[in-house]
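> From the sequence below, what's the structure:
(chains A and B)
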Amino acid sequence: MELNAHNFKENAAKALEDKDLQESLAKLGTGFPLKRLAAAARLPEFEALRDQARDIKDHSLRHLDFYLEKFESRVVESGGCVHWARDINDGREIVYDICKSVGAKTVTKGKSMIGEEMAINEYLEEKGLIPIETDLGEYIIQLRHEPPSHIIAPAIHLRKSHVEEAFRETHTDLPVDRNLDAPEDLLKEARAMLRKRFIDADVGITGANFMVAETGSTVIVTNEGNGDLTQTLPRVHIVLCSIEKVVPTLEDCTTLLRVLARSATGQEQSVYTTFSTGGRHEDDPDGPDQFHVVILDNGRSRMLGHETHDMLRCIRCSACINHCPVYQSVGGHAYGSIYPGPMGSVLTPALYGLDQSCDLPNASTMCGKCEEVCPVRIPLPKMLRSWRQKQWEDGPVPLMQRFGMSAWAFWAVRPKGYHFFAKIKMRIMGLLGRKNGHFKSLPLTKAWTKSRDFPAPEGKTFQQLWSEKGGRRS
Amino acid sequence: MSSRDYIMGRIRWSLGRGSLERDDDSQLEERLAHPKSNLIPARGQGDAKAQRSLFVKMAKEVNATVSRLKAFDNVPRAVAKYLKEQDLDDKVRVAPHPHLKDLDWSKLDVSFGFTLGDDETSVVMAYGAAAETGSLALLSGPESPTSLNFLPDNHIVVLNAADLVGDYETIYARMRRDSNQSDFMPRAMNWVSGPSRTADIEQTLLLGAHGPRKLHILLVEEDG
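Predicted structure coming up:
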């Protein structure tokens, strides 16, 4: 998709006013997070598994060239093909060339964030092919011509009525008076429509959660089974993945799988975990004849060994997104990137440049919940802070903000003066606000007082109270 | 320069080294040649009896149904019973697995082989299962078409209790042992935990998305 990450503030303000979106998001705060909590509580080894998951990814990244080469040679030995793509243009061309070489017309697609990164559907459509998303959420947003708002629940921003509207507009062969009130009706219709597509498709494209160097396998996890129909039925299976997804062995992959679903949806395991290795064997009754793996770099090799290195551990579970108070308030589209939430605010500037996404590192309350739930323990707040620092050093910061920050910094390193002025300010605000206990408006705080009152201080600073109590809590 | 060389070059440059030192390399080779298990949850590490009841419990939790049989010979009868209970047609597509082919299917309308999508019910043989999460391991091959696992509405899986283990790692070890080659992987290894589902409409869980609407497991315990 086209990056629209420089409009976060504007988008966020709109999102807060969007009633449908707010209703959809209301469920998120308790849904996934509570399920994750229950799954983690049920597995005594969960925290230890997270440590191992982190270590496995660290090890793989440290020897990334070795494992990628191994993976490549194993894919070739098992009869598959590996294609390397420096950037999204490379990737798109490779995919199109494969489709062209087999005279493909229809292409079914399982959910793939690399596919989103490449905007592969738009590209194939331009070239006259018919790409069809088969994950229910992705199918819905494809019909609505919009990008996903969440990396594992792409249509989480929509209400049932939006889905009905999209289906009525698209499935025009069906009776107009059919009943689509219940979610079950919508699912039944999508299942029937896509069934034909699965069977007719010439090429199936899926993503990959992992690549296994030991065996040359690519791995997907799904709950719907669409990824498996996508890769089993057509003549050609194309896997879209990126360089950081390789892990050494089946055992290593399994450790990561043990934390993936639990962190994401709170499931013990996804319904379907599929390891694909090469094309159809001579005596296999079904499966694709050709197996292609497209490995995308698109800026990731630049992240290795640098500030955002740890971000390459990410296994795209979405736990950080599900737990983020900012995401819960504004949803995914506000971020203007296919990668929303904390992981997106770190990754988007790394992939597309800070100048394209300057608001994103600030789209965080720094509450730290994201790091707390990350299955591979990525220090997301620290990385957001490092982007903020970079932005301060050489990025675009509005003049007023720069002035304000400089003024604050000046006093912050002069504690005596800071405390002196703070004391005076608190006393004045305490006196002024004594009557109401809060302010309806104050100079320079419009962004705050627009939507809520500013609580009035009680007349003393924290330091004053702290020393009055002799430096104790009570 | 090819894209491959470019990417490899960038990776090495970013990691601050040339291609790997020999020593390092052989350690990594060793790690791949003799894969070691990481931490395995204790949950699945009971005796055979405990593993069976854990498997049944976990599979039921994810909306599979399970019948426990005393002998392979009872499989056709159990399939017939299930079809009747579910009010389904007695036409079934069966995987051409030797264990299944040799059974007496005379009471049902049975055909063997893969499916093109016009079969309502399939019967397949599992390679094994992991009790840990109630997951079945289905390996593709001439005796086990992958299409039978995803296209039919009703998916019946026969599992020999002797092939039921505590964890995934034990299944991998058996696959490596059985094949004795480095290319021991089938084209598709499907781990299946319950019937297909989605929560993409308003986060409401619905069973039967694109894959099977129902998963029924026949656990055969010939040892009693």
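
> which parts of the host helix or strand of A:Arg385 are buried?
When secondary structure is defined using DSSP states H and E, the element that contains A:Arg385 is helix A:380-394. Buried residues in helix A:380-394, defined by neighbour count with 16 or more other CB atoms under 10 Å in any protein chain shown: A:380-381, A:383-384, A:387-388, A:391. (C-beta placed from N, C-alpha, C; glycine too.)

> do stretch A:23-30 as well
Residues of stretch A:23-30 classed as buried under the neighbour-count rule (16+ other CB under 10 Å) are A:24-25, A:28-29.

> Can you tell me the closest non-neighbouring residue to B:Pro35?
Computed as CB to CB, 6 or more residues apart in numbering or on different chains, the closest residue to B:Pro35 that is not its neighbour in sequence is A:Thr249, at 3.8 Å.

> For the one you found, give me its contacts.
A:212-214, B:31-32, B:35 (CB atoms under 8 Å, 6 or more residues apart in numbering or on different chains).

> and with 7 Å instead?
For A:Thr249, the residues meeting the contact criterion (CB atoms under 7 Å, 6 or more residues apart in numbering or on different chains) are A:212, A:214, B:32, B:35.

> hang on, the third one packs against A:Ala213?
Yes: A contact is recorded between B:Leu32 and A:Ala213 when judged using CB atoms under 7 Å, the distance being 6.4 Å.

> Just give the number of residues close to residue 109.
All of this refers to chain A. A count of nearby residues for A:Lys109, using other CB atoms under 10 Å in any protein chain shown, gives 28.

> that answer is for a different chain, and I need it for chain B
Under the neighbour criterion other CB under 10 Å, B:Asp109 is assigned a count of 9.

> circling back: overlap of the contact sets of B:Leu32 and A:Ala213?
With contacts defined as CB under 7 Å, 6+ apart, the residues adjacent to both B:Leu32 and A:Ala213 are A:70, A:248.

> secondary structure class for B:Ile217?
In the three-state summary, B:Ile217 is assigned as strand, counting by DSSP: H, G, I helix; E, B strand; the rest coil.

> Show the contacting residues for it.
For B:Ile217, the set of contacting residues under the criterion of CB under 7 Å, 6+ apart consists of B:59, B:64, B:66, B:157, B:159.

> Inside helices: which ones of those?
B:Ala59 (DSSP state H).

> Would you mind giving the contacts of B:Ile217 as JSON lines with distance to B:Tyr6 added?
As requested, those are exported to JSON lines (distance: CB to CB, whole Å):
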{"residue": "B:Ala59", "distance to B:Tyr6": "48"}
{"residue": "B:Ala64", "distance to B:Tyr6": "48"}
{"residue": "B:Val66", "distance to B:Tyr6": "53"}
{"residue": "B:Val157", "distance to B:Tyr6": "46"}
{"residue": "B:Leu159", "distance to B:Tyr6": "48"}
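
> filter the contacts of B:Ile217 down to the ones near chain A?
Judged by CB under 7 Å from any CB of the partner chain, the overlap between the contacts of B:Ile217 and the neighbourhood of chain A is nil.

> A:Arg427 contacts A:Thr461, correct?
No: A:Arg427 is not in contact with A:Thr461 according to CB under 7 Å; the separation is 9.1 Å.

> what is the rounded mean pLDDT of stretch A:133-142?
Along stretch A:133-142, the predicted local confidence has a mean pLDDT of 94.

> Let's have the contacts of B:Ile217 in JSON lines, adding neighbour count.
Putting the contacts of B:Ile217 into JSON lines (neighbours: other CB atoms under 10 Å in any protein chain shown) gives the following:
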{"residue": "B:Ala59", "neighbour count": "26"}
{"residue": "B:Ala64", "neighbour count": "23"}
{"residue": "B:Val66", "neighbour count": "18"}
{"residue": "B:Val157", "neighbour count": "25"}
{"residue": "B:Leu159", "neighbour count": "25"}
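
> And the contacts of B:Ile217, which two are furthest apart?
In the contacts of B:Ile217, two members sit farther apart than any others by CB to CB. They are B:Ala64 and B:Leu159, at 10.8 Å.

> coming back round to it: tell me the two of the buried residues of helix A:380-394 that are most distant?
With distances taken as CB to CB, the most widely separated pair in the buried residues of helix A:380-394 is A:Leu380 and A:Gln391, at 16.3 Å.

> Enumerate every residue touching the residue of chain A found nearest chain B.
For chain A, the residue closest to chain B is A:Gly225, as judged by CB to the nearest CB, at 2.3 Å. When the contact criterion is CB under 7 Å, 6+ apart, the partners of A:Gly225 are A:272, B:150, B:196, B:209-211.

> Include pLDDT when you put those residues into TSV, please.
Conversion of those to TSV gives the following (pLDDT from 0 to 100):
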residue	pLDDT
A:Tyr272	98
B:Phe150	96
B:Ser196	97
B:Ala209	92
B:His210	93
B:Gly211	94
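
> Out of those, flag the one nearest to A:Asp289.
Proximity of those to A:Asp289, judged by CB to CB, is greatest for B:Phe150, which lies at 18.2 Å.

> and that closest one, what does it touch?
In this structure, B:Phe150 makes contact with A:225, A:228-229, A:232, B:211, judged by CB under 7 Å, 6+ apart.

> please redo it, this time with the cut-off set to 8 Å
Counting by CB under 8 Å, 6+ apart, B:Phe150 touches A:225, A:228-229, A:232, B:210-212.
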